[in-house]
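Enquirer: Show me the folded form of this:
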Amino acid sequence: MRVNWSELPPERQARLRKGARRWGQMDAGERARVQKRFSQWRNMSPEKRARMRKMYKRFRSLPTAEQERIRQARKKYMDMPREQRIKLRKRWQEMDPAERTERIRKRRQMHGQQEQRGMDEKTKPHRRRRHRRP
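Expert: Here you go, the predicted structure:
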């Protein structure tokens with residue numbers, strides 16, 4: 001679906017300009033990864049996109065140290081041989097929800113983290129402010 005530049009809202013134009021500047025600084029490998037991710041995004045169902053947005057917002061609401069711990073855990077997982085990842089994923093999927101919850105709770109305790117509470121008025125996450133560049 002093509003849209004004329006002039007029909008885009010100013011905020012969207014600004015985001016696209018920023019992306020174009022970053023695109024110009026990427027090497028061929030980075031560009032290929034970005035194109036692959038955009039293609040995956042376009043092919044997702046609206047429900048899956050909504051889930052992904054929700055997960056992203058939740059991730060961004062976590063403290064920086066927790067975000068880094070998650071990044072490191074994901075890297076460790078991705079560095080595993082494929083067969084080991086499949087085996088681990090299968091074990092996780094076969095667990096009942098109560099067992100998964102207990103595993104997560106123990107893991108957080110191990111890392112000295114507080115329990116995640118519901119997102120009521122008292123526990124809303126701190127929202128990062130993005131500084132606009134002039």
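
Enquirer: Show me the helices in this protein, by range?
Expert: 10-25, 28-43, 46-61, 64-79, 82-94, 97-110 (DSSP state H).

Enquirer: now the shortest one, how far from the centre of its chain.
Expert: Okay, so that is helix 82-94. Mean-position distance between helix 82-94 and its chain equals 21 Å (C-alpha atoms, centre = their mean, to the nearest Å).

Enquirer: Same check on the last one?
Expert: For helix 97-110, the gap between its own C-alpha mean and the chain's C-alpha mean amounts to 21 Å (C-alpha atoms, centre = their mean).

Enquirer: just the fourth one next, same as before
Expert: Here helix 64-79 is found 11 Å from its chain centre; the criterion is C-alpha atoms, centre = their mean.

Enquirer: model confidence over it, on average?
Expert: Helix 64-79 shows a mean pLDDT of 93.

Enquirer: now swap in the first one and tell me
Expert: Helix 10-25 shows an average pLDDT of 89 in the prediction.

Enquirer: Using TSV, lay out the helices of the chain together with distance to residue 2.
Expert: For the C-beta atoms, the positions are set from N, CA and C on the backbone; glycine is no exception. What follows is the helices of the chain, written out as TSV (distance: least, C-beta to C-beta, whole Å):
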stretch	distance to residue 2
helix 10-25	13
helix 28-43	14
helix 46-61	20
helix 64-79	35
helix 82-94	39
helix 97-110	44
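
Enquirer: any chance of the ones you listed in CSV, plus distance to residue 4 and mean neighbour count?
Expert: What follows is the helices of the chain, written out as CSV (distance: least, C-beta to C-beta, whole Å; neighbours: other C-beta atoms under 10 Å):
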stretch, distance to residue 4, mean neighbour count
helix 10-25, 11, 10
helix 28-43, 20, 10
helix 46-61, 24, 11
helix 64-79, 38, 11
helix 82-94, 44, 10
helix 97-110, 48, 11
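
Enquirer: In terms of pLDDT, where does the residue nearest to the spatial centre of the chain sit?
Expert: Residue closest to the average C-alpha location in the chain (C-alpha atoms, centre = their mean): residue 56, at 4.1 Å. Residue 56 carries a pLDDT value of 94.
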